[in-house]
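> Build me a model:
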Amino acid sequence: MRVLSSALQDHLDSGATTLCWCWRITRNDGVAFGFTDHDRDLIFDSTSFEAASGFTASEISGAVGLNVDTLDVDGALKSDRLNEADLAAGLFDDALIEIYRVNWAATEERVLMRYGNLGEVSRGAHHFRCEVRGLAHALQQPQGRIVQYGCDADLGDSRCTVDLESAAYSTNAGAVAGLGDSPRRFTASGLDGYASGWFSRGLLTWASGANQDRTAEVKLHAKASSGVTIELWQRPSEAIAVSDTFRIEAGCDKQFSTCRAKFANTANFRGFPHVPGTDFMLRVASRTDRNDGGRVR
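Alright, predicted model coming up:
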């Protein structure tokens, strides 16, 4: 139940209202942005709510129980603070969002309508749509460890312990040329000493260029007589230039055999490779009675 201030209640009871929506988005790095569907900027709680974004929202609905409440927010990418490049770079992934109903004539008269996180985002050069998930969505995320064949540690973290600073597992390289068939693929220099596939599923961090300091997951590392090709899972927010440099780390497919052969790190493998599979669990117990003609029961 939302409790309205007496001033806001009186304003609503007057029958002639001056209301608008305000959104405050706080990224995981602590940077906060404000936007409003009013025709001029508003300021409250030390946040400037910018009118340039052109936000619109679907109907807000609630549910009883632990079901996840969601709504969609549409906006035009007119603001310098909210643009396609930052969305593509993941800077707003799982960001906190607060949605207020505000009396724009007296911003102290407001009520918090929804608090949640940004979910799936679809975007274009001038428009975006994002899903706002209620707080209950955190209860649907896996907690603790799961019994599975694959390792659940991240390569190089405190549980894995592989030293990614070693020259065997990371190096600096550069982009030589883009491949016209895909903005995610390019040829690279400085990787001739590594076997094909060594950096597949690894992590690439741009050291220079328009994508500097942004990271991307490597889909494919292929070595051929024509050169070394790198393909990323997602298209970079900015085009890759020939002069761009990057740091790339070895990839891991989370399998026990890879942990042993590639990293010699089986003592820290965080999966369960010897757990019986589904075929074992579904087997039916049987025995052979030699005194009964050898029939199986």
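
> biggest helix in this structure by residues?
Taking DSSP state H as the criterion, the chain has its longest helix at helix 6-13.

> The next helix or strand after it pairs with which strands, parallel or anti?
Of the helices and strands lying after helix 6-13 in sequence (DSSP states H and E), the nearest is strand 19-26. Here strand 19-26 has these sheet partners by DSSP bridges: strand 32-36 (antiparallel), strand 96-103 (antiparallel).

> Let me have these in TSV, adding mean pLDDT as columns.
Listed next are the strands paired with strand 19-26 as TSV, based on pLDDT from 0 to 100:
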stretch	mean pLDDT
strand 32-36	87
strand 96-103	90
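
> Any idea which of those strands gets closest to Cys259?
Nearest to Cys259, of all these, is strand 96-103, at 36.3 Å by C-beta to C-beta. For every residue, glycine as well, the C-beta is placed using N, CA and C.

> what is the orientation angle of the closest one with helix 6-13?
Strand 96-103 runs at 60 degrees relative to helix 6-13, counting by axes from the mean of the first three to the mean of the last three C-alpha atoms, to 10 degrees.

> Show me what strand 96-103 is in contact with.
Contact with strand 96-103 is made by 8, 11, 17-26, 36, 42, 44, 57, 60, 109-118, 132, as judged by C-beta atoms under 8 Å, 6 or more residues apart in numbering.

> which residues pair with Tyr115 across the strands?
Here Tyr115, judged by DSSP bridges, has bridge partners Glu98.

> Low-confidence bits of the protein, can you list those?
For the chain, the stretches with pLDDT under 70 are 1, 52-85, 88-89, 121-129, 134-141, 179-180, 286-297.

> which residue is nearest the centroid of it?
Geometric centre of the chain, nearest residue: Asp93, 5.2 Å, by C-alpha atoms, centre = their mean.

> SS state for it?
coil (DSSP: H, G, I helix; E, B strand; the rest coil).

> cool, and Ser257?
Per three-state DSSP, Ser257 ends up helix.

> Now do it: how many residues are near it, please.
10 (other C-beta atoms under 10 Å).

> do the same with Arg159
Neighbour tally, Arg159, other C-beta under 10 Å: 12.

> burial measure for the nearest residue to Ser182 once chain neighbours are set aside, as a count.
Leaving aside its sequence neighbours, Ser182 sits nearest to Glu231 (C-beta to C-beta, 6 or more residues apart in numbering; 7.2 Å). For Glu231, the neighbour count with other C-beta under 10 Å is 15.

> residues contacting Glu231?
Shown in contact with Glu231 (C-beta under 8 Å, 6+ apart): 182, 184-185, 218-222.

> Might you specify the subset of the residues you listed located within strands?
In this view, the contacts of Glu231 that belong to strands under DSSP state E are 185, 218-222.

> can you give me the strands in the stretch 101-250 of the chain?
Along the stretch 101-250 of the chain, the stretches classed as strands by DSSP state E, counting those that start in this stretch are 110-123, 127-134, 170-178, 185-189, 203-206, 215-224, 227-232, 245-249.

> Summarise which helices and strands the last one is packed against.
Translated: strand 245-249. strand 170-178, strand 203-206 (3 or more C-beta pairs under 8 Å, 6 or more residues apart in numbering; DSSP states H and E).

> Strand partners (parallel or antiparallel) of that strand?
Assessed with DSSP bridges, strand 245-249 is paired to strand 170-178 (antiparallel), strand 203-206 (antiparallel).

> Now do the buried residues in the longest one.
I take that to be strand 170-178. By neighbour count on 16 or more other C-beta atoms under 10 Å, the buried set for strand 170-178 is 170-171, 173-175, 178.
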